[in-house]
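Enquirer: this one's sequence-less:
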């Protein structure tokens, strides 16, 4: 599966992209975990929604993405000519100990086993001592449930290009191979502002269920992993 073709389509299509990255609630949650003045690297820019929120908080934003067109737009629209770079998470083009926080939200599930392990090591490398690696992944996703088939070539693939599924235990094991400590919590990030009244009732019920520990679909794990002081 060519992940780059998938994300070039979703990130740079003005109509589809607005639907695919309707993630304001998730971005706000992440932005609230970051203090003003921090040096933050966001890996996987989408359409720049998180970058915009962090810039509004006066965070020193850097970003990395494997899509050149997306990076060009971020550089031009947000004035990040030197801070937004084309590249890959398994080979981050920044120096050791450069950042207070590294963010990867809805990215890790797209990586192969080899790339995933290299990526976590790279995030650890570019963090300062005491820095945090934070982000989200789908919670307890079953990849088979989202497989589709191309009607032209017959290729079977995950509709969003996911290659990994994470239980809380697996996510913790992955992070604790590199990081000193990690905290994982379960959330539902539906966007209240875009819903009609029926959707808002469902949103509220979903929030209550997650609070009570009743697991369901379309939920996410938020993780924070600390580099040793």
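Expert: It's in. Everything quoted here is computed from the prediction, not taken from an experiment.
Enquirer: After the lowest-mean-pLDDT helix or strand in the chain, which helix or strand is next?
Expert: Least confident helix or strand of the chain, by mean pLDDT, DSSP states H and E, is helix 16-20 with a mean of 55. Following helix 16-20 in sequence order, the next helix or strand is helix 24-31 (DSSP states H and E).
Enquirer: where along the chain do the helices fall?
Expert: For the chain, the helices defined by DSSP state H cover 3-12, 16-20, 24-31, 49-56, 68-78, 113-126, 168-176, 197-211.
Enquirer: Against which helices or strands is the lengthiest strand in the chain packed?
Expert: Taking DSSP state E as the criterion, the chain has its longest strand at strand 127-138. Secondary-structure packing of strand 127-138 (3 or more Cβ pairs under 8 Å, 6 or more residues apart in numbering; DSSP states H and E): helix 24-31, strand 99-105, helix 113-126, strand 220-226. All C-beta spots, glycine's among them, are computed from the backbone N, C-alpha and C.
Enquirer: end to end, how far does stretch 70-87 reach?
Expert: 11 Å (Cα to Cα, to the nearest Å).
Enquirer: for the most centrally placed residue in the chain, what are its contacts?
Expert: Closest to where the C-alpha atoms of the chain average out (Cα atoms, centre = their mean) is residue 105, at 1.3 Å. Residue 105 makes contact with 23, 26, 27, 30, 42, 44, 50, 135, 136 under the criterion Cβ atoms under 8 Å, 6 or more residues apart in numbering.
Enquirer: returning to that earlier point: can you give the distance from the longest strand of the chain to the centre of its chain?
Expert: 11 Å (Cα atoms, centre = their mean, to the nearest Å).
Enquirer: residue contacts, the closest residue to residue 142 other than its chain neighbours?
Expert: Counting by Cβ to Cβ, 6 or more residues apart in numbering, residue 165 is the residue found nearest to residue 142 once chain neighbours are left out, at 6.5 Å. Residue 165 is in contact with 109, 138, 140, 141, 142, 143, counting by Cβ under 8 Å, 6+ apart.
Enquirer: Now the residue of the chain positioned farthest from its centre: phi and psi?
Expert: Most distant from the centre of the chain: residue 152, at 30.7 Å, with distances by Cα atoms, centre = their mean. Reported as degrees, to the nearest 10, the phi and psi values for residue 152 are phi -90, psi -50.
Enquirer: Fine by me, we can end here.
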